[in-house]
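Chemist: would you be able to build a 3D model of this:
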Amino acid sequence: MKCMVIDGNSIINRAYYGIRPLSNREGLFTHAIFGFLTTLLRLRDEEQPDALCVTFDVHAPTFRHKADEDYKATRKPMPEELRMQVPVLKEMLDEPGVPPDVFLMLAGIARDQRRDTELALSWLARIPASSPTAVQAEGLKAQILADAGKEKEALASVRNLQQRHARNETLLLLEVRLLARLKAMDEALARARQAVEIVPESSELAFTLGSLLDSLGKRDEAMKVMQGIIASHPEHYQALNYVGYSLAVQGKDLEHALELLQRADRLAPDQFFIVDSLAWALFRLGRTEEALQNIRRAVALVPSPEAEILEHYGDIAAADNGNGFVFEKCAVTRCTVRDAHAGEFLFTRYI
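Modeler: As a prediction, this is how the structure comes out:
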């Protein structure tokens, strides 16, 4: 019998210090987990052991500490970014064999954090078709194909899966988004309407429908869809932002628009598009100083601000001319504006 024993602390430390920091959307660092499991699975594939055991240091003093008080006395404590990964890793290792969820997680890290599509696809290929995570795996595969410009291949893969999982929300979302990417907008809209009927409780499908309606110029219907999302999902910050900003642009019910956008900002703080919307609502209400504070915050949150944000900045700056702004290089249709409070930041305002 061939048994492989792994020094868990050694490998996880090497992975932690050897891979650039990676973290998921919940703020959990994942690079040590990723490196550990990659190494573990490579060793298992190479050695093909009959049994595999991973050992970790214990917290209590061992016989070595008792024999020598200076044993590991100079070692620094484990960094918090590494400490938070250990229990997650141990939970994965407690499962018999290698759970498909592990391969799915590794594929997600490879795609989203390492931008390595080939590695991500190789992890997904290890997930059996009979696994409960097979649908998620195929969905992720379709996203990877779409990112590689293979939208038609991705769409065919999604529709093949839908023959067995017609009500799967992830697959419906993928299908609609892929149709939109292929510029089949009428088909995408029709499918989005069907999807909302198939899974009426899904706020994400409803938001996708509303976004499609907006992009096609059907803004009244889009507004009704977004308001419906807020009624059923009051904490959907994207719908809150859509309705609040739309009202601000139209100059309608501005106090209500501001309340919606403030709620969105609390739910999803420091999202540049929400902060920009908030600044614009404040500006339309005549609260220029607060608008200026927020538009500066929006610009600071994104390396390359979008043209619409810069135009908002310009309009707010024009209303606050003389408070740290210098208009220069003025031509017939535009002015370049320097904001002394924003560190010599230059932008163009169209007039």
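
Chemist: quick one: contacts for Ala32?
Modeler: Ile12, Asn13, Ala15, Tyr16, Ile19, Leu82, Gln85, Leu89 (CB atoms under 8 Å, 6 or more residues apart in numbering). Every residue, glycine included, has its C-beta placed from N, CA and C.

Chemist: was I right about the fourth one contacting Ile33?
Modeler: Read that as Tyr16. No - assessed by CB atoms under 8 Å, Tyr16 is found out of contact with Ile33, at 9.3 Å.

Chemist: common neighbours of these two, please.
Modeler: In contact with both Tyr16 and Ile33: Gln85, using CB under 8 Å, 6+ apart.

Chemist: and the two? which has more neighbours close in?
Modeler: More neighbours surround Ile33 than the other of Tyr16 and Ile33, with 25 against 21 (other CB atoms under 10 Å).

Chemist: list the buried residues for the helix or strand where the more buried one lies?
Modeler: Taking DSSP states H and E as the criterion, Ile33 maps to helix 31-47. By neighbour count with 16 or more other CB atoms under 10 Å, helix 31-47 contains the buried residues His31, Ala32, Ile33, Phe34, Gly35, Phe36, Leu37, Thr38, Thr39, Leu40, Leu41.

Chemist: and if you look at stretch 84-93?
Modeler: Buried positions in stretch 84-93, judged by neighbour count with 16+ other CB under 10 Å: Met84, Gln85, Val86, Leu89, Met92, Leu93.

Chemist: ditto for stretch 15-34
Modeler: By neighbour count on 16+ other CB under 10 Å, the buried set for stretch 15-34 is Ala15, Tyr16, Ile19, Leu22, Phe29, Thr30, His31, Ala32, Ile33, Phe34.

Chemist: what helix or strand is the first one on?
Modeler: In this case it means Ala15. Per DSSP H and E: helix 8-18 holds Ala15.

Chemist: how far off centre is that helix?
Modeler: The chain centroid and the centroid of helix 8-18 are separated by 27 Å, computed with CA atoms, centre = their mean, to the nearest Å.

Chemist: got it, and stretch 187-202?
Modeler: With CA atoms, centre = their mean, you get 23 Å for stretch 187-202.

Chemist: can you name the residues in contact with stretch 149-162?
Modeler: Here stretch 149-162 makes contact (CB under 8 Å, 6+ apart) with 135, 138-139, 141-143, 145-146, 168, 171-172, 174-175, 178-179, 181-182.

Chemist: in it, which residues are buried?
Modeler: The neighbour-count check on stretch 149-162 (16+ other CB under 10 Å) flags Glu151, Ala154, Leu155, Ser157, Val158, Leu161, Gln162 as buried.

Chemist: stretch 33-47 - what's its average pLDDT?
Modeler: Stretch 33-47 shows a mean pLDDT of 79.

Chemist: convert the C-alpha atoms of that stretch to PDB, please.
Modeler: Taking Å, rounded to 0.1, in the frame of the first residue of the first chain, the C-alpha atoms of stretch 33-47 are listed here in PDB:
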ATOM      1  CA  ILE A  33      -6.000  27.700  -0.700                       C
ATOM      2  CA  PHE A  34      -5.500  27.900  -4.500                       C
ATOM      3  CA  GLY A  35      -1.700  27.100  -4.300                       C
ATOM      4  CA  PHE A  36      -2.200  24.400  -1.700                       C
ATOM      5  CA  LEU A  37      -4.800  22.500  -3.600                       C
ATOM      6  CA  THR A  38      -3.000  22.900  -6.900                       C
ATOM      7  CA  THR A  39       0.100  21.400  -5.400                       C
ATOM      8  CA  LEU A  40      -1.800  18.600  -3.600                       C
ATOM      9  CA  LEU A  41      -3.700  17.500  -6.700                       C
ATOM     10  CA  ARG A  42      -0.500  17.600  -8.800                       C
ATOM     11  CA  LEU A  43       1.300  15.400  -6.300                       C
ATOM     12  CA  ARG A  44      -1.700  13.000  -6.100                       C
ATOM     13  CA  ASP A  45      -1.800  12.700  -9.900                       C
ATOM     14  CA  GLU A  46       1.900  12.100 -10.200                       C
ATOM     15  CA  GLU A  47       2.300   9.600  -7.300                       C
END
